[in-house]
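J.: got a predicted structure plus its sequence, pasted below:
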Amino acid sequence: MKEKTGIVDTLEERQPYITRKQEKGETIPLACDNNSLAGAISQRACVYSGARVVLNPVTDAIHLVHGPIGCAGYTWDIRGAKSSGIETNRSSFSTDMKEIDVVFGGEKKLSNAIDELMGLYSPPVIFVYSTCIVGIIGDDLEAICKTASQKHNIPVLPIKSEGFKGNKSDGYKAACDALKQLIKKPKNEEAEENKPELSSELRKPKINILGDFNVAGDVWLIKPLFEQMGIEVIVSMTGDSTAKTISRAAEADLNLVQCSGSMTYLAKWMQKEYGIPYLSASFFGIEDISLALRKTAEYFGSEEMKKKAEAILKIETSRIMPEISRIRDRVKGKKAAIYMGGPAKALTLIKGFAELGMEIVIIGTQTGKKEDYEQISYSVRDGTVIVDDANPLELAELLVKQKADLMVAGVKERFIAYKLGVAFCDFNHDRVVEFEGFDGFVNFAREVDASINSPVWKAVRQRTLKPETAESERKSERSEVKEKISGEPHAKQYKDISMEPDFLHPERDAALESQV
């Protein structure tokens, strides 16, 4: 039963998941980090999807989905991650389980699929994902993978990702557990021991970038910045990574974690297992890029590296600021709504919009934890709506009530915005333009400008959530126009012309949109 929350109309059980930014010093009263409410049609993905988005960018791996064909189809090329070499990951493989496999089991089918893929591709690693149906019928995924691994002498790794057993965050963890098995101990044990001394000229400092998936080629704009500082980037996990580069991850002196939701678990494990510390970092927006380079140089304690970092920041900032300033003048004061999968992207977007002079009126995530929302609350203005695991109806009503000019989210939310006449920017893994780095931020600013200031919004009336109100307003307007025109001297000449063309009828909105 629906009940008023004070912000939007929603299910009573959803009330604790929607709130406003609190006064300073007050704890944010927001429920979060729970499984999605049954019947609420949540936007959150399942365990299997969470595992797939993390592992799919491993470019030379075979990704085999043990389950119905629909699961493989849903996550085909799910990250839009680019590769600088082999692209085996662009193909999606499935055991395509049918009703007969559900009855008699799919273990033999899975074993045969692995043998066939080995003969066709000879990959260095195979990830085998379990789906809901596999968890229900009880196929022994681990035993099949272990036998196949011994037979073919490569890692065949089972990903325990039955969709119903948790949420997207559990999928992240399952993916990280698989990555742990690929990481090997460094060959030179002695060189790995005195890591705080690495600022000396003994060898080149090394880092890993965790939680960057090279969407649209993002990583290729970040690596050169660190290389100019004299730092080697061993691997980006998992964007444009291979089984070989992942195996070298333990050689690093420092991990930079961008997507905290998906990779903090792995970073903590590497700290415990190999003594590699980690720092949180973001490569979106001028402020966060500057902070990432400076924090990294500070960690290594090299004055020369600090000077190089400052030189890079000065040159790059001076280069892009004229364009950023031009766009800022066009979008300043506009209101933005943010709905991200993870809290790290939501937080970095707050800073990015501040640099463009825009105001945040709605912010939410699918997988945020209490500490994440507290940090978000500290970063936004009073009155900003904060929401966890929202559903489409809640998002639609929030966009209207908060009078958002732009929504930044993933592809699932695109159509909510467009149907309400709100501009949209895809910040998720379906985009085709880089948003990270200095040039990436310019790309983002241009897309925001193009979307908000598109001429189409002059022809499309922003819709409301109450069609009966909108209909009465339209009838009133048509009546006023009709009276005004009929009173004009020339009205008699056009008495046979319809005053209500087909494309103005509310039940024929599709016609209006097609003409626009």
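T.: Perfect, I can see it now.

J.: quick one: end-to-end distance for stretch 420-439.
T.: End-to-end distance for stretch 420-439: 31 Å, by Cα to Cα, to the nearest Å.

J.: what's the mean pLDDT across that stretch?
T.: In this model, stretch 420-439 has a mean pLDDT of 92.

J.: how far is stretch 317-326 from where the chain is centred?
T.: 26 Å (Cα atoms, centre = their mean, to the nearest Å).

J.: next: stretch 355-364.
T.: Per Cα atoms, centre = their mean, the centroid offset for stretch 355-364 relative to its chain is 17 Å.

J.: tell me which element residue 273 is part of?
T.: For residue 273, the host element (DSSP states H and E) is helix 260-274.

J.: hmm, who's touching the helix or strand following that helix?
T.: Toward the C-terminus, helix 260-274 is succeeded by strand 278-280 as the next helix or strand (DSSP H and E). Defining contact as Cβ atoms under 8 Å, 6 or more residues apart in numbering, one finds that strand 278-280 is touched by 210, 254-258, 260, 264, 267-268, 270-271, 295-296, 299, 344. Where you see a C-beta, it was placed from the backbone N, CA and C, and this is true even at glycine.

J.: run the last query once more with 7 Å
T.: 254, 255, 256, 257, 260, 267, 271, 295, 299 (Cβ atoms under 7 Å, 6 or more residues apart in numbering).

J.: in terms of pLDDT, where does the residue nearest to the second one when sequence neighbours are not counted sit?
T.: Among residues not flanking residue 255 along the chain, residue 278 sits closest, at 3.9 Å (Cβ to Cβ, 6 or more residues apart in numbering). Looking at residue 278, its pLDDT is 97.

J.: how far away is residue 278 from residue 260?
T.: Distance, residue 278 to residue 260, using Cβ to Cβ, to the nearest Å: 10 Å.

J.: which one's more surrounded, those two?
T.: Per other Cβ atoms under 10 Å, whichever of residue 278 and residue 260 has more neighbours is residue 260, with 23 against 20.

J.: count the residues that sit near residue 326.
T.: Residue 326: 12 surrounding residues under other Cβ under 10 Å.

J.: what do you get for the one 10 residues further on?
T.: Neighbour count for residue 336, taken as other Cβ under 10 Å: 26.

J.: rewinding a little: just the C-alpha atoms of the helix holding residue 273, please, in CSV.
T.: C-alpha atoms of helix 260-274 as CSV (Å, rounded to 0.1, in the frame of the first residue of the first chain):
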residue,chain,number,x,y,z
SER,A,260,35.6,1.4,-4.0
GLY,A,261,32.5,-0.8,-4.2
SER,A,262,34.0,-3.4,-6.5
MET,A,263,37.7,-3.4,-5.6
THR,A,264,38.3,-2.3,-2.0
TYR,A,265,37.8,-6.0,-1.0
LEU,A,266,40.7,-7.0,-3.3
ALA,A,267,42.9,-4.1,-2.2
LYS,A,268,42.5,-5.1,1.5
TRP,A,269,43.4,-8.7,0.6
MET,A,270,46.5,-7.6,-1.3
GLN,A,271,47.6,-5.4,1.7
LYS,A,272,47.2,-8.4,4.0
GLU,A,273,48.7,-11.0,1.7
TYR,A,274,51.5,-9.0,0.0
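
J.: run through the stretch 51-200 of the chain and note the low-pLDDT ranges.
T.: In the predicted model, the stretch 51-200 of the chain carries pLDDT under 70 at residues 77-78, 188-200.

J.: in the top helix by length along the chain, which residues are buried?
T.: Identified as the longest helix of the chain according to DSSP state H is helix 303-331. Judged by neighbour count using 16 or more other Cβ atoms under 10 Å, the buried positions of helix 303-331 are 305, 306, 308, 309, 312, 313, 316, 320, 324, 327, 328, 331.

J.: just name the closest of the residues you listed to residue 135, please.
T.: Of all the buried residues of helix 303-331, residue 135 sits closest to residue 331, with 47.0 Å by Cβ to Cβ.

J.: need the contact list for the closest one.
T.: 356, 357, 358, 448, 449, 452.

J.: from residue 300, how far off is it?
T.: 37 Å.

J.: and residue 396, that one's in a strand?
T.: No: secondary structure of residue 396 (DSSP: H, G, I helix; E, B strand; the rest coil): helix, not part of a strand.

J.: which element, helix or strand, includes the residue lying closest to it once chain neighbours are set aside?
T.: Excluding its sequence neighbours, the residue lying closest to residue 396 (Cβ to Cβ, 6+ apart) is residue 416, at 5.4 Å. Secondary structure from DSSP H and E places residue 416 in helix 411-419.

J.: buried ones in that helix?
T.: By 16+ other Cβ under 10 Å, the buried positions in helix 411-419 come out as 413, 414, 416, 417.

J.: circling back: partner strands of the following helix or strand past the longest helix of the chain and their direction?
T.: Later in the chain than helix 303-331, the nearest helix or strand by DSSP H and E is strand 335-340. Taking DSSP bridges as the criterion, strand 335-340 forms sheet pairs with strand 359-365 (parallel), strand 406-409 (parallel).

J.: what separates stretch 105-117 from the chain centre, distance-wise?
T.: How far stretch 105-117 lies from its chain's middle: 33 Å, per Cα atoms, centre = their mean.

J.: what's the distance between residue 163 and residue 70?
T.: On the measure of Cβ to Cβ, residue 163 and residue 70 end up 11 Å apart.

J.: what's residue 243 in contact with, if anything?
T.: Listed by Cβ under 7 Å, 6+ apart, the contact partners of residue 243 are 58, 60, 61, 124, 125, 182.

J.: quick one: which of those residues is most hemmed in?
T.: residue 58 leads these on contacts (other Cβ under 10 Å) with 30 neighbours.

J.: looking at it, residue 340 is touching residue 367, isn't it?
T.: No: look at residue 340 against residue 367 with Cβ atoms under 7 Å: they stay out of range, at 9.0 Å.

J.: any idea which helix or strand carries residue 63?
T.: Residue-wise, residue 63 maps onto strand 62-66 under DSSP H and E.

J.: wait, I meant residue 290
T.: Using DSSP H and E, residue 290 falls in helix 286-300.

J.: and the contacts of that helix?
T.: Here helix 286-300 makes contact (Cβ under 7 Å, 6+ apart) with 198-199, 205, 207, 225, 229, 231, 254, 256, 279, 281-283, 305-306, 309, 312-313, 317, 348, 351, 355, 437-438, 441.
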